[in-house]
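*Asks:* what follows is a protein structure lacking sequence information:
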């Protein structure tokens, strides 16, 4: 009898918790997450729309006779396409990808396509994980995505080594969308840990652009690899904000109310401090670029603005209740808005008529600002007691760098200037 009398009280507490959660979500907008971040420059953002088009090219069967070419084209010379592999070639162990030699931008690009809802192998990669299942470099990563990344590197390391040695001035860029973004990010981390397999090239020649990234690395790794990994998020995109493991979402498709109930209660009762100290919790990797094109309580789209930072706390922790949460994940929309944002940046620079010398100085200062911001993020991670976080001196990347590392930093600055 006492249990029955207590049910209304439990129901009341649950309803209050759900109401509080919904109220917080309704007031939370995507623009608030990055409102304190710096504004990106055209030099650093230039590769993004171009790499989006390369990823779209993976979907084509024949690039000489494309069927779904975007308005600006793919920007790919078929004669410079080194290889293009589909599900048969990868054996379903990794999503399809292409390797392209971009002479116009001095870049060797490996682009990986996104999640295919019709392919069981993609589900197998996605679901091959449990919280805290796989350790890597002092942190935790998504097991299935890491296996896919290792598969790609094992298959292509000889070709990549040959290309980076043949073109010593070219950068090596890994990029992907959605599921492919997670593979690309972890592929970059594996490559950086095994530079000897790529001819011992400097770390600064390797970079990654994760488009609509999956949460695939623990917080300490997300910050530590921010010097080589860049994540691009369009406004309200749900995937970088989905703290619930993706494998749990897909396993719970027939019991979504139960999942949402548990997420509601846990999200309401869990403090951000506790979330930061969970070493198994996964995050979007690297430096974040947030494309903001809509404002709260206003209709229509505004000229997109790109903000960037290496945040430690407030790293896309909350899902935004928005009708655009899924459409903002689409690679076609991201490419379109990224290109528009880049054109606006260049137009602003042209309007200001910045002298060439001043532009060069700004590009040099950009590399230094990124380096300083990266070091500050590493220190903040230690201050916030993020598990397995290292300060810059402990990590051995900045304060105690040797002459070889100094030359690598110079290469990084040259790369920024050359874009």
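*Replies:* Everything's here; your move. Because the structure is predicted, anything quoted here is derived from the model rather than measured.
*Asks:* what about residue 83, which helix or strand?
*Replies:* For residue 83, the element it lies in under DSSP states H and E is strand 81-85.
*Asks:* just how off-centre is that strand within its chain?
*Replies:* With C-alpha atoms, centre = their mean, to the nearest Å as the basis, strand 81-85 stands 23 Å off its chain's centre.
*Asks:* which residues does whichever helix or strand comes after it contact?
*Replies:* In the C-terminal direction, the helix or strand that comes right after strand 81-85 (DSSP H and E) is helix 87-90. Applying C-beta atoms under 8 Å, 6 or more residues apart in numbering, the set of residues contacting helix 87-90 from outside is 95, 96, 97, 119, 121, 151, 152, 155. For glycine as for every other residue, the C-beta is placed from the backbone atoms N, C-alpha and C.
*Asks:* swap in 7 Å and give it another go.
*Replies:* For helix 87-90, contacts defined as C-beta atoms under 7 Å, 6 or more residues apart in numbering pick out 96, 119, 121.
*Asks:* re the thing from before, what average pLDDT does the strand holding residue 83 get?
*Replies:* Averaged over strand 81-85, pLDDT sits at 97.
*Asks:* stretch 141-155 now?
*Replies:* Stretch 141-155 comes out at a mean pLDDT of 96.
*Asks:* before we move on, what about stretch 41-53?
*Replies:* Mean predicted lDDT for stretch 41-53 stands at 95.
*Asks:* that one spans what distance, first to last residue?
*Replies:* One end of stretch 41-53 sits 20 Å from the other (C-alpha to C-alpha, to the nearest Å).
*Asks:* quick one on the thing from earlier: now the strand holding residue 83: buried residues?
*Replies:* Neighbour-count burial for strand 81-85 flags 82, 84, 85 (criterion: 16 or more other C-beta atoms under 10 Å).
*Asks:* again, but for stretch 309-328
*Replies:* The neighbour-count check on stretch 309-328 (16+ other C-beta under 10 Å) flags 309-312, 315-320, 322, 324-325, 328 as buried.
*Asks:* which of the buried residues of strand 81-85 sits closest to residue 132?
*Replies:* Distance to residue 132 across the buried residues of strand 81-85 (C-beta to C-beta) is lowest for residue 85, with 31.6 Å.
*Asks:* so what's the closest one bridging to?
*Replies:* residue 97 (DSSP bridges).
*Asks:* likewise residue 136?
*Replies:* So, taking DSSP bridges as the rule, residue 136 has residue 139 as bridge partners.
*Asks:* residue 275 versus that one, what's the distance?
*Replies:* 20 Å (C-beta to C-beta, to the nearest Å).
*Asks:* how about residue 55?
*Replies:* 31 Å.
*Asks:* neighbour count: the two, which is higher?
*Replies:* Counted by other C-beta atoms under 10 Å, residue 55 and residue 275 do not tie: residue 55 has more neighbours, with 28 against 16.
*Asks:* got the angle for the host helix or strand of the more buried one vs strand 81-85?
*Replies:* Following DSSP H and E, one finds residue 55 within helix 47-57. Relative orientation of helix 47-57 and strand 81-85, computed by axes from the mean of the first three to the mean of the last three C-alpha atoms, to 10 degrees: 50 degrees.
*Asks:* quick one, longest helix in this structure?
*Replies:* helix 356-383 (DSSP state H).
*Asks:* show me how far that helix is from its chain's centre.
*Replies:* Taking C-alpha atoms, centre = their mean, the mean C-alpha location of helix 356-383 is offset from the chain mean by 19 Å.
*Asks:* what do you get for stretch 324-339?
*Replies:* 14 Å.
*Asks:* give me the beta-bridge partners of residue 289?
*Replies:* Assigned bridge partners for residue 289, using DSSP bridges, are residue 232, residue 308.
*Asks:* how about the helices in the stretch 201-350 of the chain?
*Replies:* According to DSSP state H, counting those that start in this stretch, the stretch 201-350 of the chain carries its helices in the segments 219-224, 246-251, 256-269, 272-276, 331-352.
*Asks:* hang on, isn't residue 337 packed against residue 232?
*Replies:* No: contact between residue 337 and residue 232 fails when scored by C-beta atoms under 7 Å: they sit 10.1 Å apart.
*Asks:* how about the strands in the stretch 1-150 of the chain?
*Replies:* Secondary structure of the stretch 1-150 of the chain (DSSP state E, counting those that start in this stretch): strands at 38-39, 81-85, 97-102, 107-112, 134-136, 139-141.
*Asks:* and of these, who's closest to residue 208?
*Replies:* Nearest of those (C-beta to C-beta): strand 107-112, 9.7 Å.
*Asks:* what lines up beside that closest one in the sheet?
*Replies:* Partners of strand 107-112 in the sheet, by DSSP bridges, are strand 97-102 (antiparallel), strand 171-177 (parallel).
*Asks:* what's next to it, contact-wise?
*Replies:* Contacts for strand 107-112 (C-beta under 7 Å, 6+ apart): 51, 54-55, 58, 95, 97-102, 163-164, 167, 170-176, 180, 183-184.
*Asks:* quick one: buried ones out of those?
*Replies:* Of the contacts of strand 107-112, these count as buried by 16+ other C-beta under 10 Å: 51, 54-55, 58, 95, 97-102, 163-164, 170-176, 180, 183-184.
*Asks:* any idea which residue sits dead centre in the chain?
*Replies:* residue 231 (2.8 Å; C-alpha atoms, centre = their mean).
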